[in-house]
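> Here is the input, now give the coordinates:
(one chain, ligands or ions: 1)
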Amino acid sequence: MKVHHFLEKKEKHEKIAMITCYESWAAVIVEQTEVDAVLVGDSVAMVMYGDDTTLNASTELIARHVRAVASRSKNKFIVGDLPFLSYRLDLRSNVVAAGELMKAGAHAVKLEGARGNLELIRHLVDSGIPVMGHLGLTPQSVHQLGGYRVQGRGAEEAERLHVECLDLEKAGCFSVVLECVPAELAKDISQALKIPTIGIGAGAGTDGQILVWHDFLGLQTEMKPKFVRRYLSGADLVREALGKYVRDVKSSQFPNGEESFQ
Ligand code: KIV
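Numbers count the residues shown, from 1 in each chain. Sure, this is the predicted structure:
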């Protein structure tokens with residue numbers, strides 16, 4: 001998958017399946033599947049480091065995880081998430097942050113919001129860096145939004161979201177994530193845009209979907225947002241395996257002869 005395939009897939013009405021990915025062994029597994037592209041998201045701060053928000057992810061942290069994923073991912077398109085404020089400084093610093101993720105192995109960067117970002121998006125695209133937009137619930141603005149809430153409800157909000165999506169497209173984004181947006185609105189926007197929309201909590205009318213790895217595997221069980229579908233009961237399976245391991249150790253069933261050096 002390359003950047004131009006995003007548009008091609010939309011034109012052919014082929015849905016795009018994305019998943020977040022943060023580490024090399026997950027990348028090995030993803031590599032062996034039909035998943036189209038991966039996002040090394042700033043959600044890494046929450047799902048791997050236990051933070052309550054994504055705000056503490058740094059460019060260095062994301063770059064570290066991009067490098068881990070890229071080291072084992074040969075054919076997947078890798079998007080690196082620009083973290084909180086890293087692209088809201090001066091143009092030079094913003095470009096440096098994006099460059100760090102590209103040098104670590106990303107094929108594109110993602111940034112949240114349209115307002116105040118359009119000049120940077122144009123500049124990055126002109127500099128050879130593909131940009132994915134992200135609108136609707138933008139988790140880096142969680143305190144401004146008053147929590148993790150559905151966005152784009154009501155005519156005025158919906159219109160604003162619609163216009164901002166078109167702005168991102170005009171600025172040169174190759175795709176845009178729509179997070180926690182009413183399904184009808186996400187569908188309308190997807191139909192109005194030439195570039196594909198990737199939904200998370202935005203219904204089935206977007207051009208693709210993305211899920212967070214730990215939600216998808218059922219590893220994260222403390223909360224289950226409405227839009228998450230767990231494809232595995234990961235936490236249960238790991239707990240069962242650990243229980244068996246402990247029993248085997250305590251009953252001297254592990255290791256056995258074959259697992260020991262004679
Ligand atoms: O960081 C992330 O995982 C994301 C997805 C929710 C789209 O931005």
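
> Kindly report the residues of this structure close to the ligand.
Contacts of the chain with the ligand, taken as CB under 6 Å from any ligand atom, map to Thr20, Leu39, Gly41, Asp42, Ser43, Asp81, His134, Val177, Glu179, Ile200, Ile210, Val212. Quick note: C-beta positions are derived from backbone N, CA and C, even for glycine.

> so of those, which ones are in strands?
Cross-referencing these against strands under DSSP state E gives Thr20, Leu39, Asp81, His134, Val177, Glu179, Ile200, Ile210.

> now, which of these sits nearest Leu237?
Of all these, the one with the least separation from Leu237 (CB to CB) is Thr20, at 19.8 Å.

> Hmm, that closest one is touching Leu217, no?
No. Under the criterion of CB atoms under 8 Å, Thr20 makes no contact with Leu217, lying 10.9 Å away.

> Which one's more surrounded, those two?
Thr20 (26 against 19; other CB atoms under 10 Å).

> Mind listing the residues bridging to that one?
Leu39 (DSSP bridges).

> Just the local confidence number for it, please.
pLDDT, Thr20: 98.

> same thing with Val150?
97.

> Could you measure from it over to Asp51?
Distance check for Val150 against Asp51: by CB to CB, to the nearest Å, it reads 22 Å.

> try Phe261
Phe261 sits 43 Å away from Asp51, going by CB to CB.

> Among the two, which residue is more densely surrounded?
Using other CB under 10 Å, the more surrounded residue of Phe261 and Asp51 is Asp51, with 15 against 4.

> The more buried one reaches Ala45, doesn't it?
Yes. Counting by CB under 8 Å, Ala45 is a contact partner of Asp51 at 4.4 Å.

> ok and the residue in the protein nearest the ligand?
Residue of the chain nearest the ligand, by CB to the nearest ligand atom: Gly41 (2.3 Å).

> quick one: contacts for that residue?
Residues near Gly41 by CB atoms under 8 Å, 6 or more residues apart in numbering: Thr20, Tyr22, Thr54, Asp81, Lys110, Val212.

> Out of those, the closest to Asn75 would be?
Of all the contacts of Gly41, Thr20 has the smallest distance to Asn75: 17.5 Å, by CB to CB.

> about what we covered before: per-residue confidence at the residue of the chain closest to the ligand?
We have a pLDDT of 98 for Gly41.

> before we move on, back to that, considering the contacts of Gly41, which possesses the most neighbours?
Top of the contacts of Gly41 by neighbour number is Asp81, holding 30 neighbours under the definition other CB under 10 Å.

> so what's that one up against?
Asp81 makes contact with Leu39, Val40, Gly41, Asp42, Ser43, Ala57, Ile62, Leu101, Val109, Lys110, Leu111 under the criterion CB under 8 Å, 6+ apart.
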